[in-house]
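Participant: All I have is the shape, not the residue letters:
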Ligand code: GLU
């Protein structure tokens, strides 16, 4: 057993695409575990797939995780005692281990061509056995191998996997898992001594970096027995595994490319707050014992345990994410919200009229789910859009009545000092009239004339936000629209 001080975990992203929510969630669980156990969180870049790995993705992934506060103590940017932390810079280390396996005859060169392999496969299928490598090149002598290599024959390096070996491990989340080596066969571990493949590099790094727990997505669960075989061949001690559940759609189907695979940056562009995303992701497969939902990162650390990660798939529910986001938006101070909204709103909203922006924020902060909803919700305050004249008519009423009520309200408003344009005062002036002739009859056309919209905040708040001059101008537009319409009929 490893002591508490020896807890070392890692996130090992492959920089072959954008930062996805799945990677964020895995990084988060590793981070929480490390913090909780006073261990070390490491970031390792798994870029052995050089054809698909790009520095631009590496930057995006590291920047994204860092911005979320998931800071690592060792990594390619900060260094550490077991570096380098980028696999393409570790070729010599892998080479030593590959050569060791070759020397000890635990791995061997294989020269089978694609066609050879295809034939083997077909023959096995005919015999009714699950296809795997037939072991043809196992018996090549050292001399035969040297001759073929010297002649430039194309080759790979395979791990020798004996049949009939039971590979078992005790997963912290999923319990005991067992696989027979027969189903694995002699797997390819490197293209050549300088080009390791994923499993070998991953296992060597976990050993060299003294990783104690591998916490990763369940999509890797079938890789684990293969990696254990490599560990055993190299004489490495076993790490502890914790495979976290897959993310499912709300109706519990496997998640499609959308949503979880959508890049983290896209969620930010869509107006989700990083802290809301983090909170939502934390609860996607884990729940604290006290059932609390809104949690800051330190609060998650305090409550975290690997044992409380669920076994079954976790349903991704966008409504739940919206709920979290709305809660976090409500919690922001006015100044913070302005700052967060800045990239989303037309620049003139910020310059033009601070007073209006203040009202807009006060009116919308309880209504919006995403920062991007703000422009749609508050846009009418900054400019009145086109609307159908008929929208002014309260149900069962008429254009003429709508116009008459608007004219009456205009009269009432005209006598009020601009400095008295507060929602409470305006309400006290207009409500007696509305109560007398019917609330809907009066308040509906007023609200529509002010907003041009079917749905909006209430008319008194809008009046206060727009101020006297603009309010009267919009009421006049409403009245003129009705007059135009009536003169046509
Ligand atoms: N590079 C692997 C991935 O991105 C990580 C595998 C692991 O965590 O062991 O899926």
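Facilitator: Perfect, thanks for sending it. None of these values were measured; they are calculated from a predicted model. Numbering: from 1, shown residues only.
Participant: from here on, contacts and neighbour counts on C-alpha atoms
Facilitator: Noted.
Participant: before we move on, what SS does the residue in the stretch 151-300 of the chain positioned nearest to the ligand have?
Facilitator: Ranked by CA to the nearest ligand atom, the top residue of the stretch 151-300 of the chain for proximity to the ligand is residue 216, at 5.0 Å. Look at residue 216: counting by DSSP: H, G, I helix; E, B strand; the rest coil, its state is strand.
Participant: Next up, the contacts around it.
Facilitator: 11, 26, 242, 243, 244 (CA atoms under 8 Å, 6 or more residues apart in numbering).
Participant: Tell me the bridge partners for it.
Facilitator: Under DSSP bridges, the beta-bridge partners of residue 216 are residue 243.
Participant: tell me the pLDDT at it?
Facilitator: Note for residue 216: predicted pLDDT of 97.
Participant: how far away is it from residue 351?
Facilitator: 47 Å (CA to CA, to the nearest Å).
Participant: now do residue 240
Facilitator: For residue 240 relative to residue 351 (CA to CA), the value is 56 Å.
Participant: So which residues of the stretch 51-200 of the chain form strands?
Facilitator: Along the stretch 51-200 of the chain, the stretches classed as strands by DSSP state E, counting those that start in this stretch are 107-110, 156-159, 166-171, 175-180, 188-192, 195-196.
Participant: Low-confidence stretches in this protein?
Facilitator: 1-5, 255-261, 352-353 (pLDDT under 70).
Participant: Which residues are in contact with the residue in the stretch 301-450 of the chain positioned nearest to the ligand?
Facilitator: The nearest approach of the stretch 301-450 of the chain to the ligand comes at residue 306, 15.8 Å away (CA to the nearest ligand atom). Residue 306 sits next to 33, 172, 173, 242 when contact means CA under 8 Å, 6+ apart.
Participant: Dump those to JSON lines, plus neighbour count and distance to the ligand.
Facilitator: What follows is the contacts of residue 306, written out as JSON lines (neighbours: other CA atoms under 10 Å; distance: CA to the nearest ligand atom, whole Å):
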{"residue": "33", "neighbour count": "25", "distance to the ligand": "15"}
{"residue": "172", "neighbour count": "19", "distance to the ligand": "15"}
{"residue": "173", "neighbour count": "19", "distance to the ligand": "15"}
{"residue": "242", "neighbour count": "22", "distance to the ligand": "10"}
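Participant: so what secondary structure elements neighbour the biggest helix by length in the chain?
Facilitator: Identified as the longest helix of the chain according to DSSP state H is helix 459-488. Using 3 or more CA pairs under 8 Å, 6 or more residues apart in numbering; DSSP states H and E, the elements in contact with helix 459-488 are helix 354-364, helix 373-382, helix 399-414, helix 423-437, helix 439-451.
Participant: Now do the fourth one: distance to the chain's middle.
Facilitator: Same thing as helix 423-437. 48 Å (CA atoms, centre = their mean, to the nearest Å).
Participant: which of the residues in it are buried?
Facilitator: Buried positions in helix 423-437, judged by neighbour count with 16 or more other CA atoms under 10 Å: 423, 426, 427, 430, 431, 433, 434.
Participant: Repeat that for the second one.
Facilitator: Buried residues in helix 373-382, defined by neighbour count with 16+ other CA under 10 Å: 373, 374, 375, 377, 378, 379, 380, 381, 382.
Participant: That helix packs against which elements?
Facilitator: So helix 373-382, by 3+ CA pairs under 8 Å, 6+ apart, packs with helix 354-364, helix 459-488.
Participant: The same query, at a cut-off of 10 Å, please.
Facilitator: Contact here means 3 or more CA pairs under 10 Å, 6 or more residues apart in numbering; DSSP states H and E; on that basis helix 373-382 packs against helix 347-352, helix 354-364, helix 439-451, helix 459-488.
Participant: Point out the one among those helices that comes closest to residue 273.
Facilitator: Ranking those by proximity to residue 273 (CA to CA) places helix 354-364 first, at 16.2 Å.
Participant: Which residues outside that closest one are in contact with it?
Facilitator: 330, 334-335, 337-338, 341, 349-351, 367-368, 373-375, 377-382, 456-458, 461-462, 464-467 (CA atoms under 10 Å, 6 or more residues apart in numbering).
Participant: If we use 8 Å, what do you get?
Facilitator: 334, 338, 349-350, 374, 377-378, 381-382, 457, 461, 465-466.
Participant: Check which residues of that helix are buried.
Facilitator: Result for helix 354-364 [16+ other CA under 10 Å]: buried residues 356, 357, 359, 360, 361, 363, 364.
Participant: got the residues you listed as JSON lines, with distance to residue 196 columns?
Facilitator: JSON lines is the format used below for those (distance: CA to CA, whole Å):
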{"residue": "356", "distance to residue 196": "61"}
{"residue": "357", "distance to residue 196": "57"}
{"residue": "359", "distance to residue 196": "60"}
{"residue": "360", "distance to residue 196": "58"}
{"residue": "361", "distance to residue 196": "55"}
{"residue": "363", "distance to residue 196": "58"}
{"residue": "364", "distance to residue 196": "55"}
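Participant: export those to JSON lines and tack on distance to the ligand?
Facilitator: What follows is the buried residues of helix 354-364, written out as JSON lines (distance: CA to the nearest ligand atom, whole Å):
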{"residue": "356", "distance to the ligand": "47"}
{"residue": "357", "distance to the ligand": "43"}
{"residue": "359", "distance to the ligand": "46"}
{"residue": "360", "distance to the ligand": "43"}
{"residue": "361", "distance to the ligand": "40"}
{"residue": "363", "distance to the ligand": "43"}
{"residue": "364", "distance to the ligand": "40"}
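Participant: where does this protein come near the ligand, residue by residue?
Facilitator: 12, 13, 14, 46, 216 (CA under 6 Å from any ligand atom).
Participant: sorry, back to before: and the strands of the stretch 51-200 of the chain: which comes nearest residue 80?
Facilitator: It is, among the strands of the stretch 51-200 of the chain and with distance given as CA to CA, strand 195-196, at 22.8 Å.
Participant: Brilliant, that's me finished.
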